[in-house]
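[1] Just to be clear, the model below is a prediction. Sequence and coordinates:
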Amino acid sequence: MFTITESAAEAINQLTAAQDVQVRGGLRMTLSGLPEDGAALSVEITSHPAPGDDVVDAAGTQVFLARETRVRLADKILDARKDVNGHFTFLVANPQ
């Protein structure tokens with residue numbers, strides 16, 4: 001099951017607030033390419049899910065996943081780190 005850490009939820013909440021995204025907004029994630037080729041993860045703050053997106057609610061925030069992305073990230077964890085300049089980096093990891 002795809003899970004979201006408290007740090008990732010806090011980052012998403014801060015980003016949606018900074019961009020004045022409505023209550024139903026969240027982070028949309030799309031994974032492209034093949035894992036063996038170094039799949040690329042794209043993220044964007046958006047006010048609503050795209051048609052066909054699955055919505056993951058956690059810790060007061062939402063993540064929108066394109067269906068293929070959800071399948072590929074089904075057993076992963078989304079985490080976030082904030083650098084010294086206040087920029088967030090999202091990380092997808094295997095559970096420990």
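    Happy to help now that I have it. Numbers count the residues shown, from 1 in each chain.
[2] Show me where this protein has its strands.
    Secondary structure of the chain by DSSP state E: the strands cover 3-4, 26-32, 40-46, 54-58, 61-65, 77-82, 88-93.
[3] which of those strands sits most buried?
    Most buried of the strands of the chain by mean neighbour count (mean count of other C-beta atoms under 10 Å) is strand 61-65; its value is a mean of 23. Where you see a C-beta, it was placed from the backbone N, CA and C, and this is true even at glycine.
[4] what sits up against that strand?
    2, 4, 9, 12-13, 16, 24-29, 46, 49-50, 53-56, 73, 78 (C-beta atoms under 8 Å, 6 or more residues apart in numbering).
[5] quick one, phi/psi of the nearest residue to residue 67 once chain neighbours are set aside?
    In this structure, residue 67 finds its nearest non-sequential neighbour in residue 52, 5.8 Å apart by C-beta to C-beta, 6 or more residues apart in numbering. Per-residue torsions, residue 52: phi 90, psi -10 (degrees, to the nearest 10).
[6] on that earlier part again, Throw the strands of the chain into CSV and include distance to residue 20, thanks.
    Converted to CSV, the strands of the chain look like this (distance: least, C-beta to C-beta, whole Å):
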stretch, distance to residue 20
strand 3-4, 22
strand 26-32, 14
strand 40-46, 10
strand 54-58, 20
strand 61-65, 15
strand 77-82, 20
strand 88-93, 17
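[7] okay, the closest residue to residue 91 other than its chain neighbours: pLDDT?
    Take residue 91 and drop its neighbours on the chain: the residue closest to it by C-beta to C-beta, 6+ apart is residue 79, 4.7 Å away. At residue 79, the pLDDT value in this model is 93.
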